[in-house]
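In: Predicted structure and sequence below. I'll ask about it afterward.
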Amino acid sequence: MTKQEILAKVDELIAAPSVCADVKAAAQAYAKSQDKAIAEALVKALEANVNSIDETLGFASSDMGKKVFGEERAAEMVKIGQKVKAEGGKYCFCPECQAGSVILENKAAL
């Protein structure tokens, strides 16, 4: 993956409605400087926050997931997650995890 493609994924990450504050801050810092130390901070933030599809399914089907998302949305998320997993997806389907997983898989290009 080229540096430009990585930067496009970083921009997607920053714009993701589901992005958590620490990942967004690390992504914004990297977008401005592309410094090696900042890249390492971004990778650490992503490693702590990008969820596997199994983690997502587990949370969405839990009592806490139902409380956070509501029964209907949690059930919808489980259905989507099962489809993603059946199609070979390894990561959560939210925009943060999708962009973040691509960055992690290509972290050598940072």
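Out: Looks like it came in fine.
In: and the helix of greatest length in the chain, what does it pack onto?
Out: Secondary structure assigned by DSSP state H gives helix 71-86 as the longest helix of the chain. When contacts are defined as 3 or more CB pairs under 8 Å, 6 or more residues apart in numbering; DSSP states H and E, helix 71-86 packs onto helix 53-61, helix 63-69. Where you see a C-beta, it was placed from the backbone N, CA and C, and this is true even at glycine.
In: could you point out which element follows that helix?
Out: Following the chain from helix 71-86 toward its C-terminal end, the next helix or strand by DSSP states H and E is helix 95-105.
In: Need the CA coordinates for that following helix. CSV is fine.
Out: Extracted as CSV, the C-alpha positions of helix 95-105 are listed here (Å, rounded to 0.1, in the frame of the first residue of the first chain):
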residue,chain,number,x,y,z
PRO,A,95,-16.1,2.5,9.7
GLU,A,96,-13.4,2.8,12.5
CYS,A,97,-12.5,-0.8,12.5
GLN,A,98,-12.7,-1.2,8.7
ALA,A,99,-10.2,1.7,8.1
GLY,A,100,-8.2,0.8,11.2
SER,A,101,-7.7,-2.8,10.2
VAL,A,102,-6.4,-1.8,6.8
ILE,A,103,-3.9,0.5,8.4
LEU,A,104,-2.8,-2.2,10.8
GLU,A,105,-2.4,-4.7,8.0
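In: now the angle from it to helix 53-61?
Out: When axes from the mean of the first three to the mean of the last three CA atoms, to 10 degrees is applied, the directions of helix 95-105 and helix 53-61 differ by 160 degrees.
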